[in-house]
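Student: Fold the following, please.
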Amino acid sequence: MDRISVFGLLIGLLAIIGGQILEGGHIGSLSQPTAMLIVVGGTLGAVMLQSPYATFVRGIRMVRWIWYPPVVNHLQLIQQVSGWSQVSRREGLLALDPIVNELKDEFTRKGLQLVVDGAEPDRLREVMEVEISTYEQEMKLSARIWEAAGGYSPTIGILGAVMGLIQVMENLSDPSKLGAGIAVAFVATIYGVGLANLVFLPMANKLKAHINRLIVQREMIVDGLVGIANGDNPRIIESRLRGYIF
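Tutor: Below you'll find the predicted structure:
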């Protein structure tokens with residue numbers, strides 16, 4: 001589990017709730033189901049309207065990366081590619097053919113198969129970089145649904161505030177109903193701004209950071225496979241791949 005995500009969210013919530021208590025307010029005053037329904041429902045609807053189905057579903061599934069990031073082990077990858085280069089240097093490219101069927105990652109399997117098939121290094125890089133570009137674009141579009149949610153929620157919060165004020169104006173003759181309307185008005189704004197800056201936008205940035213790590217991993221794979229196709233020395237390939245680690 002990504003502990004910094006958990007601690008970050010907890011610290012943000014505790015700071016807001018603690019500030020409310022220190023100011024003499026009550027936690028219950030921040031609990032307004034109507035305001036939450038307006039902000040969350042309105043934001044969800046707006047994001048669904050702007051997003052293709054596949055992009056939206058992929059973005060929802062990526063939420064688990066906030067707590068359980070995709071595993072990226074660059075050192076293990078370097079050792080793996082270095083091992084392939086040593087095998088190909090000793091026994092030839094065809095000796096890598098049995099390894100292809102053992103690979104679970106489709107991208108790596110396709111690249112190594114091209115190497116075994118004798119693809120030219122430039123052509124290999126060209127084909128694999130097209131896949132990387134497509135993958136990056138699709139993944140970042142999915143992550144941006146949370147960025148979009150961060151843009152919509154403050155506006156939806158203001159909409160909830162206006163709706164609350166309309167209720168207040170309609171019930172000026174009945175003071176018993178004024179408190180609920182005013183509470184919804186202000187709390188809806190808090191929910192909209194709070195969700196945007198404490199949840200949605202940080203989530204989008206965290207997801208994009210994970211995507212960048214995955215892209216670097218794929219670029220390392222391509223660089224290593226091109227080195228194998230070129231017949232480069234395994235030590236040179238390993239040294240070049242280590243340059244990706246910082």
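Student: Now do stretch 190-200: everything it contacts.
Tutor: For stretch 190-200, the surrounding residues in contact (Cβ atoms under 8 Å, 6 or more residues apart in numbering) are 9, 12-13, 16, 30, 32, 35-36, 39-40, 43, 146-147, 149-151, 153-158, 160. Quick note: C-beta positions are derived from backbone N, CA and C, even for glycine.
Student: Buried among these? Make that a PyMOL selection.
Tutor: This is how PyMOL selects the buried members of the contacts of stretch 190-200, with burial counted by 16 or more other Cβ atoms under 10 Å:
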select buried, resi 9+30+32+35+36+39+40+43+146+147+149+150+151+153+154+156+157+158+160
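Student: Looking at the contacts of stretch 190-200, which are in helices?
Tutor: 9, 12-13, 16, 35-36, 39-40, 43, 146-147, 149-151, 153-158, 160 (DSSP state H).
Student: So for Ala46, what's the pLDDT?
Tutor: You'll see Ala46 listed with a pLDDT of 96.
Student: wait, what's in contact with it?
Tutor: With Cβ under 8 Å, 6+ apart, Ala46 has these contacts: Ala148, Ala149, Tyr152, Ile156.
Student: List phi and psi for it.
Tutor: Note on Ala46: backbone dihedrals following degrees, to the nearest 10 are phi -70, psi -40.
Student: Check the one 5 residues further on too.
Tutor: Torsion angles at Ser51 (phi, psi; degrees, to the nearest 10) stand at phi -110, psi 140.
Student: How much space separates the nearest residue to it once chain neighbours are set aside from Phe200?
Tutor: Nearest residue to Ser51, sequence neighbours excluded (Cβ to Cβ, 6 or more residues apart in numbering): Ile145, at 5.4 Å. Per Cβ to Cβ, to the nearest Å, Ile145 is found 9 Å from Phe200.
Student: just Ser239 next, same as before
Tutor: On the measure of Cβ to Cβ, Ser239 and Phe200 end up 41 Å apart.
Student: More neighbours: which of these two?
Tutor: Phe200 (23 against 12; other Cβ atoms under 10 Å).
Student: and the gap between the more buried one and Gln217?
Tutor: Phe200 is 26 Å from Gln217, by Cβ to Cβ.
Student: What of Phe246?
Tutor: On the measure of Cβ to Cβ, Phe246 and Gln217 end up 14 Å apart.
Student: And Ile27, by the same measure?
Tutor: Counting by Cβ to Cβ, the gap from Ile27 to Gln217 is 44 Å.
Student: and if you look at Gln76?
Tutor: Gln76 is 10 Å from Gln217, by Cβ to Cβ.
Student: now Arg144
Tutor: 21 Å.
Student: remind me which residues of this structure are low pLDDT?
Tutor: 25, 174-181, 183-184 (pLDDT under 70).
Student: okay, now the domains of it?
Tutor: 1-31, 32-242 (automatic domain parsing).
Student: Can you say which of the ones you listed is packed in most?
Tutor: domain 32-242 (a mean of 17; mean count of other Cβ atoms under 10 Å).
Student: end-to-end on that domain?
Tutor: 52 Å (Cα to Cα, to the nearest Å).
Student: Report back the residue of the chain that's furthest from centre.
Tutor: Ser173 (49.7 Å; Cα atoms, centre = their mean).
Student: Does that residue lie in a helix or a strand, and which?
Tutor: Assigned by DSSP states H and E, Ser173 falls within no helix or strand.
Student: do you know how far it is from Gln167?
Tutor: Ser173 is 13 Å from Gln167, by Cβ to Cβ.
Student: and if you look at Phe200?
Tutor: 27 Å.
Student: same thing with Asn197?
Tutor: The gap separating Asn197 from Gln167 is 26 Å, by Cβ to Cβ.
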